[in-house]
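> need a structure here:
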Amino acid sequence: MPYFADTHAHLYLPEFDEDIDAVIDRAWDENVQVVLLPNIDSSTTERLKLTCGKHPMFYPMMGLHPCSVKQENYKSELAHVLEELDSGYQSEHGKPYIAVGEIGIDLYWDKSTLDIQVDAFEQQMLWAHERNLPVAVHCRDSYDEVMSSIENMGNQRPKGVLHCFTGDMDQANKLIDLGFMLGIGGVITFKNSGLDKVVEQIDMEHLILETDSPYLAPVPHRGKRNESAYVVDVAKKIAEIKGLDWYNDVRPITTENAHRLFQYH
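Here you go, the predicted structure:
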């Protein structure tokens, strides 16, 4: 795999309206040739599709983000996800939905919606399993709850990635045992994040690279808008931690891992 894959980026958001073509060019210049775009909710679906039409590097996902799970409309939002998954949609470049995401549980912003977040998460994991698609899982202040839901799926558990992984070694091992990969982004470059100590101990076959653009830009871009080109800074940090070559070791291994999980063409 002679390129980098950014496995999680929201390049369809308004933050990129002014210069998406330049963002694409900078990614391509850094040999980032695959960018996976997870959905947020029905309000972002058309933006997602428009962006996927701009370049063949883009691969869409379809899902309902936990922060968009609200009592008044989450059932209709889930119906939208299901309709899209079964719509036969392909981008202008022939890219179908390659995963169910971004889904999960977020208790940082709102703990009162836990029950319906769990319902939405497990429903979407079931849909992923039934369609032989992986999942991209969001987990914030909710590790125990996310793990419980994944385990609840039993033999209907899909494969997937714990996006923006920032957990400890026990959490990493549990996820790996459940067949999940760990999405590593800009947090690994943050001083005192502690993620470097964990990643140091994890075999490379379980890691994939991501940016979560426009959020969580890595050092030396911290505090600025993140973009897919900066996935290279994540690769360099992993290489530094593990004593590997960022281009000849980290690039091909993580990209092969991404390809194995998401099965994109």
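
> What backbone torsions are found at K54?
Phi and psi for K54, reported as degrees, to the nearest 10, are phi -80, psi -20.

> oh sorry, the question was meant for Y264
Dihedral angles (degrees, to the nearest 10) for Y264: phi -80, psi 160.

> contacting residues for it?
34, 36, 59, 95, 98 (C-beta atoms under 8 Å, 6 or more residues apart in numbering). C-beta: built from backbone N, CA, C; applies to glycine.

> of all these, which comes closest to A235?
V34 (13.7 Å; C-beta to C-beta).

> Pretty sure L182 sits in a strand.
Yes - applying DSSP: H, G, I helix; E, B strand; the rest coil, one finds L182 inside a strand.

> so how far is I208 from it?
Between L182 and I208 the computed distance is 7 Å (C-beta to C-beta, to the nearest Å).

> any shared contact partners between those two?
Joint contacts of L182 and I208 (C-beta under 8 Å, 6+ apart) are V161.

> can you give me the helices for the stretch 101-250 of the chain?
114-130, 143-152, 169-177, 195-199, 231-242 (DSSP state H, counting those that start in this stretch).

> out of the ones you listed, deepest packed?
helix 231-242 (a mean of 22; mean count of other C-beta atoms under 10 Å).

> okay, L182 and I208: which has more neighbours?
I208 (27 against 24; other C-beta atoms under 10 Å).

> pLDDT score assigned to M1?
Predicted confidence (pLDDT) for M1: 68.

> same deal with S87?
Taking S87 on its own, its pLDDT is 98.

> in the stretch 1-150 of the chain, which segments are predicted with low confidence?
1 (pLDDT under 70).

> Which parts of it are strands?
Taking DSSP state E, counting those that start in this stretch, the strands of the stretch 1-150 of the chain run over residues 4-6, 32-37, 58-60, 100-106, 135-140.

> need these in a markdown table with mean neighbour count and distance to T255, can you?
Below are those laid out as a markdown table (neighbours: other C-beta atoms under 10 Å; distance: least, C-beta to C-beta, whole Å):
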| stretch | mean neighbour count | distance to T255 |
| --- | --- | --- |
| strand 4-6 | 29 | 5 |
| strand 32-37 | 24 | 7 |
| strand 58-60 | 23 | 13 |
| strand 100-106 | 28 | 18 |
| strand 135-140 | 25 | 16 |
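
> any chance of these in JSON lines, with distance to S91 too?
Shown next, in JSON lines, are the strands of the stretch 1-150 of the chain (distance: least, C-beta to C-beta, whole Å):
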{"stretch": "strand 4-6", "distance to S91": "17"}
{"stretch": "strand 32-37", "distance to S91": "10"}
{"stretch": "strand 58-60", "distance to S91": "7"}
{"stretch": "strand 100-106", "distance to S91": "16"}
{"stretch": "strand 135-140", "distance to S91": "18"}
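
> among these, which is nearest R222?
Each of the strands of the stretch 1-150 of the chain was scored for nearness to R222 using C-beta to C-beta, and the closest is strand 4-6 (17.3 Å).

> List the strands paired with that closest one, with their directions.
Partners of strand 4-6 in the sheet, by DSSP bridges, are strand 32-37 (parallel).

> how about the strand it pairs with as PDB, C-alpha atoms only?
C-alpha atoms of strand 32-37 as PDB (Å, rounded to 0.1, in the frame of the first residue of the first chain):
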ATOM      1  CA  VAL A  32      -2.800  10.700   1.400                       C
ATOM      2  CA  GLN A  33      -4.800   9.000  -1.300                       C
ATOM      3  CA  VAL A  34      -7.700   7.600   0.800                       C
ATOM      4  CA  VAL A  35      -9.900   9.700   3.100                       C
ATOM      5  CA  LEU A  36     -12.900   8.100   4.800                       C
ATOM      6  CA  LEU A  37     -15.800  10.500   5.600                       C
END
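
> Could you check the angle that strand makes with strand 135-140?
Taking axes from the mean of the first three to the mean of the last three C-alpha atoms, to 10 degrees, one finds strand 32-37 and strand 135-140 inclined to each other by 70 degrees.
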